[in-house]
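In: Sequence first, predicted model second:
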Amino acid sequence: MSDKKQTDIQKVKELIDLMIANDLVELEIVDGDNKVSLKRPQPSQQLVTHVPMAAPAAHAPAAAAVPAQAQDEGLIEIDSPMVGTFYASPSPDSDAFVKVGDRVEPNTVVCIVEAMKVLNEIKAEMSGTIEKVLCKAGQAVEYGQSLFKVKPD
């Protein structure tokens, strides 16, 4: 292998190490005609919950269970575009940007995600009604994590 290729491979490895060390998902570097784009895969998120079951009453009819997915059918999620910290309001003593039942438009700010000391306003990017708020103030969020569920118009 030529020295130039070996040097290029070493530079790419250094960029990958930089991405991992700084928890970056994507990196693009352009230097004249040279361009390097790197993107790390995101681990799929699994939500595991334990719900204790009550013992059925001896003569009570079995209730028709509605799966959570069926209840959420037709709802669209607003996802976090980055890794960071979720804030529902502009300051701790302010009202939340949105709450369940609020109507949103595409440019409505629904929350802030702080990433690397930068406050990023997250907009609804759709019209509808907030049905569920899935995060709490100060909670760490991942790239692609659902923040809200919206019933579209």
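Out: Received it, and whenever you're ready, just let me know what you need.

In: Can you show me the helices along the chain?
Out: 3-21, 68-71 (DSSP state H).

In: Reformat these as JSON lines; add mean pLDDT, mean neighbour count and distance to Glu114.
Out: C-beta: built from backbone N, CA, C; applies to glycine. Below are the helices of the chain laid out as JSON lines (pLDDT from 0 to 100; neighbours: other CB atoms under 10 Å; distance: least, CB to CB, whole Å):
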{"stretch": "helix 3-21", "mean pLDDT": "75", "mean neighbour count": "11", "distance to Glu114": "20"}
{"stretch": "helix 68-71", "mean pLDDT": "52", "mean neighbour count": "9", "distance to Glu114": "29"}
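
In: Show me the shaky parts of the chain.
Out: Low-confidence segments of the chain (pLDDT under 70): 1, 41-72.

In: can you list the domains in it?
Out: Here the domain parsing of the chain from automatic domain parsing is 3-39, 74-152.

In: hey, which of these is tucked in deepest?
Out: domain 74-152 (a mean of 16; mean count of other CB atoms under 10 Å).
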